[in-house]
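**Q** A predicted structure for the sequence below; I have some questions about it.
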Amino acid sequence: MGASLAARPDAVRDRSSRRHRRRRLLGLTVLALGAAVAAVASLAYGAHPVPLEAVWRAITDPTGSEDDIVVRSLRAPRTVIGILAGLALGVGGALMQGHTRNPIADPGLLGVNQGAALGVVIAVVVFDVGALTSYVWFGFAGALVAAVVVFLLGTVGSRGSTPVTLALAGAAVSALLYGLISAIVLGDRQGMETYRFWHVGSIAGRDFAVAGQMAPFVLAGLVLALVNTPGLNTLALGEDMATALGRNVRRTRVLGVLAITLLVGTAVAACGPIAFVGLIVPHLARAVTGPDYRWLVPFAGLLGAILVLAADVLGRLVSDDSLEVGIMLAVIGAPAFIHLVRRKGVARI
């Protein structure tokens with residue numbers, strides 16, 4: 001009798017765990033379908049609507065018609081880049097908020113945005129690079145250097161990197177880089193124009209060459225992010241507890257910073273700083289998954305892809321000139337985040 005009573009709580013926990021797992025798997029399936037629907041909408045809708053059957057023909061059996069050109073040359077690269085950028089920013093935001101234990105941390109906190117911007121400005125002004133497929137490499141290099149500098153500054157001291165030191169180092173480096181960018185572009189009109197267009201945040205005007213440049217880095221960043229999730233779960237208990245449980249805190253931090261740099265650096269270099277995706281998406285994902293980063297990270301990635309594609313399609317529909325995705329997300333994201341905070345409070349990290 002006593003053994004039966006003792007076993008009952010374990011059985012209840014097992015059933016509860018299975019229910020949570022089924023709910024999360026169902027949620028991932030729904031989000032994957034949502035991303036597919038958003039991708040189809042991105043191919044079909046805009047200033048020149050394309051019927052769904054024509055979209056399918058353009059993909060499977062193109063004949064060179066106007067619809068084929070619109071879908072294959074203009075919208076297909078834009079859709080692929082939107083998916084890659086959304087995945088990268090959503091996952092990067094989740095990792096950033098986890099590592100800093102700051103619910104309002106943005107992926108650009110490590111100086112990645114300003115580092116990429118400086119790389120783009122140097123490419124245009126100093127090296128006279130005009131093609132996006134060329135200066136995207138400078139943007140990625142700038143993002144990588146900025147993140148490394150922030151991490152090195154954040155690790156100075158006996159305790160190594162902490163959420164506070166990383167945030168302070170990121171703020172200081174970002175301010176310095178912003179000053180350098182301003183000093184460079186103010187004296188060069190071409191640099192100013194390129195920087196202004198890039199800084200809006202856009203997935204338009206990019207071709208499959210840019211998507212091909214992004215894909216390996218985003219894939220590598222996603223793999224590192226998934227590897228980093230068990231360490232993030234342990235760090236959520238506190239660094240002292242994580243160390244007591246045998247977790248190498250420094251290695252976990254390095255892995256997380258590298259994943260964030262690859263993901264966010266690639267997205268920002270190719271598309272410019274797209275605001276609010278990395279800030280809002282982790283909170284939406286956490287409302288479904290809870291604090292377990294093994295589930296939160298894939299949820300955040302899919303939600304990020306859906307949000308970027310949906311904002312891009314909406315920008316095409318509300319204006320004949322197609323408002324850039326960075327503008328649409330700023331307009332939608334700010335009130336949405338305020339509403340989220342006022343209604344439910346900032347989600348606990």
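**A** That came in fine, so what should we check first? Numbers count the residues shown, from 1 in each chain.

**Q** residues near Ala131, how many?
**A** Summarising burial for Ala131: neighbours were counted as other CB atoms under 10 Å, giving 9. Every C-beta, even on glycine, is put in place using the N, C-alpha and C of the backbone.

**Q** could I get the full set of helices for the stretch 201-349 of the chain?
**A** In the stretch 201-349 of the chain, the helices defined using DSSP state H, counting those that start in this stretch lie at 208-235, 239-244, 249-271, 277-289, 293-318, 325-344.

**Q** angle of the longest one against helix 293-318?
**A** With axes from the mean of the first three to the mean of the last three CA atoms, to 10 degrees defining the directions, helix 208-235 sits at 140 degrees from helix 293-318.

**Q** show me what counts as buried in helix 208-235.
**A** By neighbour count with 16 or more other CB atoms under 10 Å, helix 208-235 contains the buried residues 210-211, 213-214, 217-219, 221-222, 224-226, 228-229, 231-235.

**Q** where's Arg78 relative to Ala204, distance?
**A** Computed with CB to CB, to the nearest Å, the distance linking Arg78 and Ala204 is 6 Å.

**Q** what does Glu193 give?
**A** 16 Å.

**Q** so which of the two has more stuff around it?
**A** Set side by side, Glu193 and Ala204 show more neighbours around Ala204, with 18 against 12, by other CB under 10 Å.

**Q** the more buried one touches Glu324, doesn't it?
**A** Yes - using CB atoms under 8 Å, Ala204 is in contact with Glu324, at 6.8 Å.

**Q** so which of the helices of the stretch 201-349 of the chain comes closest to Asp188?
**A** Across the helices of the stretch 201-349 of the chain, Asp188 has its closest neighbour in helix 249-271 (19.9 Å, CB to CB).

**Q** and the angle for that closest one with helix 277-289?
**A** Inter-element angle recorded for helix 249-271 and helix 277-289: 120 degrees (by the same axes, to 10 degrees).

**Q** list the buried residues in helix 249-271.
**A** With the criterion 16+ other CB under 10 Å, helix 249-271 contains buried residues 249, 252-253, 255-271.

**Q** buried stuff in whichever strand or helix holds Val164?
**A** In this assignment (DSSP states H and E), Val164 forms part of helix 163-185. Neighbour-count burial for helix 163-185 flags Pro163, Thr165, Leu166, Ala167, Ala169, Gly170, Val173, Ser174, Leu177, Ile181, Ile184, Val185 (criterion: 16+ other CB under 10 Å).

**Q** let me know which of the helices of the stretch 201-349 of the chain is the nearest to Val150.
**A** With respect to Val150, and counting by CB to CB, the nearest of the helices of the stretch 201-349 of the chain is helix 249-271 at 8.2 Å.

**Q** now for that closest one, which elements pack on it?
**A** Under the contact criterion of 3 or more CB pairs under 8 Å, 6 or more residues apart in numbering; DSSP states H and E, helix 249-271 touches helix 76-100, helix 112-125, helix 132-154, helix 208-235, helix 239-244.

**Q** now render the ones you listed as CSV, adding distance to Pro62.
**A** Written out in CSV, the entries for these read as follows (distance: least, CB to CB, whole Å):
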stretch, distance to Pro62
helix 76-100, 11
helix 112-125, 34
helix 132-154, 24
helix 208-235, 15
helix 239-244, 54
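
**Q** so which of those gets nearest Leu303?
**A** Closest of the helices and strands packed on helix 249-271 to Leu303 is helix 76-100, at 5.6 Å (criterion: CB to CB).
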